[in-house]
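Participant: requesting a structural model of the entry that follows:
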Amino acid sequence: MFGSYMVQMVRSNAHKLDRPLRESVLKLYKPFKWTPCFLHGFFEKILMKNKKIPVIIEFEKDSHHKGYQLVNEMIGSKRRNKIKHRFSNISCCSAEVTPSSLQSLLSQCGDIRKIYLNRKVKALLDVAVESSRAKEVIRNNQTLTGKGVTIAVIDTGIYPHKDLEGRIRAFQDFVNQRTEPYDDNGHGTHCAGDACGNGAASSGQYRGPAPEAELVGVKVLDKMGSGTLETVIQGIDWCIQFNEENPDDPIDILSMSLGADALRYENEEEDPVVKAVHAAWDAGIV
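Facilitator: Residues are numbered from 1 along each chain as shown. Next comes the predicted model:
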């Protein structure tokens, strides 16, 4: 196994590959377990040139433009490789690369800080914890209603439900590229209602803590409630750009009721989505 090109690549560059990506590459070698040894090299070379791996490439902060250009030159025109989206706010880009191209990037592009697997992200419908104590705001007769505040729900979309009617300011779809608000899963509408529902459909019984707040729907999860780090970062990045274009009436809050498999980092800021959220915070969004 240790003679494998892919295994050697992971061992030599472990500090530049996040754990899910290391594990993903190593798993590619497992099917060779029952293959005669003399055929391993032949099949591995085919796999190295044809298997596509979705990744997020992070560049050194001062070398984003230079690094992106070099990556684009190296893999932009190669078969089965693709540069997808650029995220200047966090010095990253998303791409699909073969193991062969991954090896080339690691050995030839010194401006790359780290490469992450573009992991799946899901709406966590069954593990939410009621920890905000939002109901206490109503019980204590507070007069805060969310008026003048805009909340962007980064989720499965927002359906124009009666409880939200007339308050969906904008809608952006990174899944199906539709322009009108919709929600083919329901989770995003549920989250929007939790925050901003005015109880119109229930005579005020089911009313959120900010019934006068306005909404922006940002669809990054599909009808099954699934997406990727890439789509989530796209959504956050779009909200930052929205505020740059609407400085007098910006998005104030991001709602992100989603998550991926838990990972342990030495520093939580190693996670690409955390970097994107910090960029939003630095841009004035809660």
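Participant: my read is that residue 100 contacts residue 47, right?
Facilitator: No: in this structure residue 100 lies outside contact range of residue 47 using Cβ atoms under 8 Å: 9.0 Å. To be clear about C-beta, it is placed using only N, CA and C from the backbone, and glycine gets the same treatment.
Participant: with neighbour numbers in mind, choose between the two.
Facilitator: residue 100 (21 against 18; other Cβ atoms under 10 Å).
Participant: quick one: contacts for that one?
Facilitator: 48, 49 (Cβ atoms under 8 Å, 6 or more residues apart in numbering).
Participant: list the buried residues in the helix or strand hosting it.
Facilitator: Residue 100 belongs to helix 99-108 when assigned by DSSP states H and E. Using 16 or more other Cβ atoms under 10 Å as the test for burial, helix 99-108 gives 99, 100, 101, 102, 103, 104, 105, 106.
Participant: stretch 248-258 now?
Facilitator: Buried residues in stretch 248-258, counting neighbours by 16+ other Cβ under 10 Å, are found at 250, 251, 252, 253, 254, 255, 256, 257, 258.
Participant: in stretch 270-283, what counts as buried?
Facilitator: 271, 272, 273, 275, 276, 277, 279, 280, 283.
Participant: which one of these is nearest residue 161?
Facilitator: residue 280 (26.0 Å; Cβ to Cβ).
Participant: mind checking what secondary structure that closest one has?
Facilitator: helix (DSSP: H, G, I helix; E, B strand; the rest coil).
Participant: against residue 170, how distant is it?
Facilitator: Distance, residue 280 to residue 170, by Cβ to Cβ, to the nearest Å: 16 Å.
Participant: now swap in residue 241 and tell me
Facilitator: The spacing between residue 241 and residue 170, counted by Cβ to Cβ, is 12 Å.
Participant: who has more neighbours, these two?
Facilitator: residue 170 (17 against 13).
Participant: so the more buried one sits against residue 214, correct?
Facilitator: No: in this structure, residue 170 is not within contact of residue 214 by Cβ under 8 Å, at 9.2 Å.
Participant: before we move on, back to that, export the buried residues of stretch 248-258 to a markdown table and tack on distance to residue 206 and secondary structure?
Facilitator: Output for those, formatted as a markdown table (distance: Cβ to Cβ, whole Å; DSSP: H, G, I helix; E, B strand; the rest coil):
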| residue | distance to residue 206 | secondary structure |
| --- | --- | --- |
| 250 | 28 | coil |
| 251 | 25 | coil |
| 252 | 23 | coil |
| 253 | 21 | strand |
| 254 | 23 | strand |
| 255 | 17 | strand |
| 256 | 22 | coil |
| 257 | 17 | coil |
| 258 | 23 | coil |
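Participant: no further queries at this time; thank you.
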